[in-house]
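Asker: Starting from these lines, generate the structure:
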Amino acid sequence: MSENKNVQDTHISEQMKALHGALIRVVSRA
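Answerer: This is a model prediction of the structure:
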């Protein structure tokens, strides 16, 4: 159970990093 939660947290962290990277590209392009 805790392993599954850890995987979900990692997946969310990866999504946040990807979203943050996209935001940085948009801001630097503007």
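Asker: Listing request: residues of this protein with sub-threshold pLDDT.
Answerer: Within the chain, the segments meeting pLDDT under 70 span 1.
Asker: just the helices in it please.
Answerer: 2-29 (DSSP state H).
Asker: From Asn6, how far off is Ile24?
Answerer: 27 Å (Cβ to Cβ, to the nearest Å). Using the backbone N, CA and C atoms, a C-beta is placed for each residue, glycine as well.
Asker: Actually, His20.
Answerer: 21 Å.
Asker: Ok, Val26 next?
Answerer: To Asn6, Val26 is 31 Å away according to Cβ to Cβ.
Asker: next one: Leu23
Answerer: 26 Å.
Asker: for Ile12, same thing?
Answerer: Remark: distance between Ile12 and Asn6 (Cβ to Cβ) = 11 Å.
Asker: Identify the contacts common to these two.
Answerer: Applying Cβ atoms under 8 Å, 6 or more residues apart in numbering, one finds that no residue jointly contacts Ile12 and Asn6.
Asker: got the CA positions of stretch 9-20 in CSV?
Answerer: This file holds the C-alpha atoms of stretch 9-20, laid out as CSV (Å, rounded to 0.1, in the frame of the first residue of the first chain):
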residue,chain,number,x,y,z
ASP,A,9,3.9,10.6,-5.3
THR,A,10,6.9,10.0,-7.7
HIS,A,11,4.6,10.2,-10.7
ILE,A,12,3.1,13.4,-9.5
SER,A,13,6.6,14.8,-8.8
GLU,A,14,7.6,13.9,-12.4
GLN,A,15,4.5,15.7,-13.8
MET,A,16,5.2,18.8,-11.7
LYS,A,17,8.8,18.9,-13.0
ALA,A,18,7.6,18.5,-16.6
LEU,A,19,5.0,21.3,-16.0
HIS,A,20,7.5,23.5,-14.4
